[in-house]
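Novice: Sequence first, then the predicted structure, then my questions.
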Amino acid sequence: MQYADLLIHSADLMATMRGHSGCPAFGEGMSEIGLIKDGAVAIREGKITAVGTTEEVLAGGWVGSETIQISAKGKVVTPGFIDPHTHVLYAGSRENELSLKLKGVPYLEILKQGGGILSTVRSTQQATDEEIKAQTGRRLQTMLSQGTTMAEVKSGYGLTLDEEMRALRLIKELDNEQVIDLVPTFMGAHAVPPGYTEEEFTNYLIEDVLLQIAAHDQAEFCDVFCEPGVFSVNSSERILTKAKELHFKLKIHADELAAAGGAELAAKLKVVSADHLLQASDEGIVALAKQGVIAVLLPATSFNLAKNTYARAREMISAGVPVALATDSNPGSSPTESMPLVLTLACLYLRLTPEEALTAATINAAHAVGRSNQVGSLEVGKQGDLLILDIPNLNYLPYHFGSNPVGTVIKRGRVVWNS
Ligand code: NIG
Ligand code: FE
């Protein structure tokens, strides 16, 4: 018998999220979280070997003298959170823009004046590799302590071939050097840098940068900030079509600040995920559902933009769009690393139930980063990434906010963080 390296047992509640690995949960399926009372999970060599009630798992004979046992009595066990939309790789910060925002200066106006994303492009370009990695590493450690065990990370604060290549290289290095698994996305189309028109920069990305990024095989996804005044639907379509030819998987920032047909484009190109979607049209929502595009919703960004505009998550779920949640962690529109905060905002302002929010932050998020075979649920054969939450029941997770509900983080069967 090959014994488990780790046994978590006696969890008051264990949300396995089982049964959604083949296709993302949608509609009423988003409420099916595979709950087990008095739950247990056994992990060997980083992978889950048994899941069930404590009695069932113990009867399976997984426990030997070497097996580390942790009781989750009085606690809730879930898969690790997956954060499928972040811009966490950068140097510097933008707290100087707070006063502008409070005076009502719009986000895109700050960008137009050379601030916003372009300000972080400057601070990132001026930083050494070590500075960027040290600052990003601290944010990743905060993410881990709040339960994130996998995160997508976008480039996009470089905006030249060399700087974008550097960003993707640093994402790869950080993936190897710290605990959270990172999924790299190329997002050269994040802003138009000074000295270019939108068309010139779009051509540069298509004719030069994308080819080089593809040749070096440094990114899995390609993403575009599709927004009037940044990259139009037409430019976004050109960039994403080229990326598809080069075998990138696709994502899009769509309909964040204005309704411009971003969701419709996402459906037309059958992207893996369309993100933001605050202003998505009725037709756009129906089109996303029809093509099975995942809506990655970012309520911390809505909260931080302070305009009381949130994505129409209930309509999306009714229409059959699979919904995932992410932090959008970035120095401008969402300076946070906290998935628990996102879950709270998702329940209060997107009107998700706690069950739907958990689905959105685990198995649907795994689909949004193309990793649903490995993570996102507690099922035999999957990576042993899970959380022991210091909460008495699932409602407590979004209900109590502003402090960390995460008691223990387990990554590939090893305790990597304890409160
Ligand atoms: O998803 N909208 C574009 N990109 C980011 C913001 C990045 C920044 O402000 O630095 C977002 O919100
Ligand atoms: Fe974003």
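Specialist: Happy to help now that I have it. Ligands and ions are numbered 1, 2, ... in the order given.

Novice: near ligand 1, which residues of the chain?
Specialist: By CB under 6 Å from any ligand atom, the residues of the chain that approach ligand 1 are 87, 116-117, 120, 225, 253, 256, 301, 328, 330-333. Quick note: C-beta positions are derived from backbone N, CA and C, even for glycine.

Novice: For ligand 1, state which of those is nearest.
Specialist: residue 332 (2.4 Å; CB to the nearest ligand atom).

Novice: The closest one against residue 95, yeah?
Specialist: No: judged on CB atoms under 8 Å, residue 332 makes no contact with residue 95 at a distance of 10.4 Å.

Novice: With neighbour count and distance to residue 347 as extra columns, can I get the residues of the chain next to ligand 1 in JSON lines?
Specialist: Formatted as JSON lines, the residues of the chain next to ligand 1 follow (neighbours: other CB atoms under 10 Å; distance: CB to CB, whole Å):
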{"residue": "87", "neighbour count": "25", "distance to residue 347": "24"}
{"residue": "116", "neighbour count": "21", "distance to residue 347": "29"}
{"residue": "117", "neighbour count": "26", "distance to residue 347": "30"}
{"residue": "120", "neighbour count": "23", "distance to residue 347": "30"}
{"residue": "225", "neighbour count": "24", "distance to residue 347": "28"}
{"residue": "253", "neighbour count": "29", "distance to residue 347": "24"}
{"residue": "256", "neighbour count": "27", "distance to residue 347": "21"}
{"residue": "301", "neighbour count": "27", "distance to residue 347": "16"}
{"residue": "328", "neighbour count": "30", "distance to residue 347": "17"}
{"residue": "330", "neighbour count": "25", "distance to residue 347": "23"}
{"residue": "331", "neighbour count": "24", "distance to residue 347": "26"}
{"residue": "332", "neighbour count": "23", "distance to residue 347": "25"}
{"residue": "333", "neighbour count": "23", "distance to residue 347": "21"}
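
Novice: Now go through the residues you listed and say which are in helices.
Specialist: 117, 120, 301 (DSSP state H).

Novice: Quick check: the second one vs residue 90, distance?
Specialist: Note on residue 120: its distance to residue 90, by CB to CB, to the nearest Å, is 5 Å.

Novice: now do residue 168
Specialist: Per CB to CB, residue 168 is found 13 Å from residue 90.

Novice: same thing with residue 174?
Specialist: 12 Å.

Novice: intersection of neighbour lists for these two?
Specialist: residue 136 (CB atoms under 8 Å, 6 or more residues apart in numbering).

Novice: residues contacting residue 186?
Specialist: Taking CB under 8 Å, 6+ apart as the definition, contacts of residue 186 comprise 154-155, 164, 168, 210, 213, 218-219, 221-223, 243, 248.

Novice: If you tally nearby residues, what's the number for the residue nearest to it when sequence neighbours are not counted?
Specialist: The spatially closest residue to residue 186, leaving aside those adjacent along the chain, is residue 219, at 3.8 Å (CB to CB, 6 or more residues apart in numbering). If you count neighbours by other CB atoms under 10 Å, residue 219 ends up with 28.

Novice: again, but for residue 149
Specialist: 28.

Novice: Might one say that residue 161 is in contact with residue 207?
Specialist: No: between residue 161 and residue 207 there is no contact under CB under 8 Å: 11.1 Å.

Novice: quick one, which of the two is more surrounded?
Specialist: residue 161 (17 against 10).

Novice: Residue 61 sits in which helix or strand?
Specialist: For residue 61, there is no host helix or strand (DSSP states H and E).

Novice: From ligand 1, how far out is the nearest residue to residue 218 once chain neighbours are set aside?
Specialist: Distance criterion CB to CB, 6+ apart; nearest residue to residue 218, sequence neighbours excluded, is residue 168 at 3.8 Å. Distance, residue 168 to ligand 1, by CB to the nearest ligand atom, to the nearest Å: 17 Å.

Novice: how about residue 412, what does it touch?
Specialist: Residue 412 makes contacts with 43, 46, 47, 383, 384, 385, as judged by CB under 8 Å, 6+ apart.

Novice: redo that, cut-off 10 Å
Specialist: 5, 6, 43, 45, 46, 47, 149, 179, 181, 383, 384, 385 (CB atoms under 10 Å, 6 or more residues apart in numbering).

Novice: now swap in residue 93 and tell me
Specialist: Neighbours of residue 93 in contact, by CB under 10 Å, 6+ apart: 119, 120, 123, 135, 331, 332, 335.

Novice: quick one on the thing from earlier: would you agree the residue nearest to residue 218 is in contact with residue 183?
Specialist: No: the pair residue 168 / residue 183 is not scored as a contact, 11.6 Å apart, by CB atoms under 10 Å.
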